[in-house]
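Asks: build me a model:
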Amino acid sequence: MTTHMTVATTTDPIDMFDDFLIRALFAGVGVALAAAPLGCFVVWRRMAYFGDATAHAAILGVALSLGFGVSIFLGALAVALAMALTVSNLSERGYGVDTILGVLAHSALAFGLVAVSFLQGVRLDLNSYLFGDILAVSKSDLVVIWSGAALVIGLMIWRWQALLTSTVNRGLAYASGINPKREQQLMTLGLAIVVAVAIKVVGALLIVAMLIIPAAAARAVARSPEAMAFGAAGIGALAAVGGLGLSYQMDTPAGPSIVCAASVLFLAFNLVARVVLKDAR
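Replies: I've put the predicted structure just below:
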């Protein structure tokens, strides 16, 4: 008598990351989760232009990274952090913040674009750094993105109350033993990390959109700071999924499609806030 043995085969979960769409999906969600809580503070503190300057500086970081043959993530992070700290220090010395941001943001972007033009074989890839290339995200990129997201989320959880207090009232923060300047520097670090991990997904020109739009959409319906942060994370993740779906179905650029999806959600949530929630009151 012959005995037949059936051997069950299992699929390695890691194999699913061989699909570029799966990698893109996880990359988009990872960036959304990193940007969401930080984006709330950007909205509360009215620091949109600050984030824009930091994101533009990342292009210079990319050029320097390619020129010296180092990690693009590290180069973008270092230059973005240097830009953010420079703006913070100059603004505390009496310079007009809007003027500083205008000069440094466009100067860093221009120097970055000029530097990239001197690097052979890089000019064709410039659009991927300006507008993102989420469909080209690799497994190693995913590790960087989710590590950065975990770091930013951990930072926000650790310093949430201190950041919130210093945002609402600096005097109250000092009375509570909180140093607003230190909290500002920690937020600056978080912003630089978000810029560094998001540049591959949505590009330097669209990073601020992923910081602000989900947070602004959540603000329309949230009733507490914590609810706004969680809502922004959900809206950002939904925008990433919806934008990728739109890009796949209509053959549109993935990064801009994600921002378009976030914009539609912003309009939808504001409509709900004005019509449904207003009537409920």
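Asks: hmm, who's touching stretch 265-281?
Replies: Contacts to stretch 265-281, defined as C-beta atoms under 8 Å, 6 or more residues apart in numbering, come from residues I213, P214, A216, A217, A218, A220, V221, I235, L238, A239, G242. C-betas here are computed from N, CA, C, even on glycine.
Asks: with adjacent residues omitted, what lies nearest to the first one?
Replies: In space, I213 comes closest to A262 once its chain neighbours are excluded; the distance is 4.2 Å by C-beta to C-beta, 6 or more residues apart in numbering.
Asks: list the residues that contact D98.
Replies: Shown here is D98, whose contacts under the criterion C-beta under 8 Å, 6+ apart are Y49.
Asks: before we move on, which element is the residue nearest to I213 in?
Replies: Remark: A262 resides in helix 254-280, with elements defined by DSSP states H and E.
Asks: can you give me the neighbour number for the residue nearest to I213?
Replies: If you count neighbours by other C-beta atoms under 10 Å, A262 ends up with 26.
Asks: same question for Q120.
Replies: Number of residues near Q120 (other C-beta under 10 Å) recorded here: 6.
Asks: out of the contacts of stretch 265-281, who's the most crowded?
Replies: When the contacts of stretch 265-281 are compared by neighbour count (other C-beta under 10 Å), P214 ends up highest, at 31 neighbours.
Asks: do you know the pLDDT at that one?
Replies: Note for P214: predicted pLDDT of 95.
Asks: and what of the one 4 residues further on?
Replies: We have a pLDDT of 94 for A218.
Asks: wait, what's in contact with R45?
Replies: By C-beta under 8 Å, 6+ apart, the neighbours of R45 are T167.
Asks: what separation is there between it and V197?
Replies: The span separating R45 from V197 equals 21 Å under the rule C-beta to C-beta, to the nearest Å.
Asks: surely the residue nearest to I213 and M210 touch.
Replies: Yes - using C-beta atoms under 8 Å, A262 is in contact with M210, at 6.8 Å.
Asks: between the two, which contacts overlap?
Replies: Taking C-beta under 8 Å, 6+ apart as the contact criterion, the residues that touch both A262 and M210 are G236, A239.
Asks: which strand or helix spans the closest residue to S138 other than its chain neighbours?
Replies: Spatial nearest neighbour of S138, excluding adjacent residues (C-beta to C-beta, 6+ apart): R23 at 7.1 Å. In this structure, R23 sits in helix 20-44 according to DSSP H and E.
Asks: list the helices and strands that helix packs on?
Replies: Where contact means 3 or more C-beta pairs under 8 Å, 6 or more residues apart in numbering; DSSP states H and E, helix 20-44 is packed against helix 48-68, helix 139-168, helix 180-198, helix 207-219, helix 225-250.
Asks: and the second one, how far out from the chain middle?
Replies: A distance of 11 Å separates the C-alpha centroid of helix 139-168 from that of its chain, computed with C-alpha atoms, centre = their mean, to the nearest Å.
Asks: okay, the residue nearest to I213: pLDDT?
Replies: With respect to pLDDT, A262 has a value of 95.
Asks: restrict stretch 253-262 to CA atoms and write it as PDB.
Replies: Extracted as PDB, the C-alpha positions of stretch 253-262 are listed here (Å, rounded to 0.1, in the frame of the first residue of the first chain):
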ATOM      1  CA  PRO A 253       1.500  60.600 -11.600                       C
ATOM      2  CA  ALA A 254       1.300  58.900  -8.300                       C
ATOM      3  CA  GLY A 255       2.600  61.600  -6.000                       C
ATOM      4  CA  PRO A 256       0.400  64.400  -7.300                       C
ATOM      5  CA  SER A 257      -2.600  61.900  -7.400                       C
ATOM      6  CA  ILE A 258      -2.100  61.300  -3.700                       C
ATOM      7  CA  VAL A 259      -2.200  65.100  -3.000                       C
ATOM      8  CA  CYS A 260      -5.300  65.400  -5.200                       C
ATOM      9  CA  ALA A 261      -7.000  62.700  -3.200                       C
ATOM     10  CA  ALA A 262      -6.100  64.500   0.000                       C
END
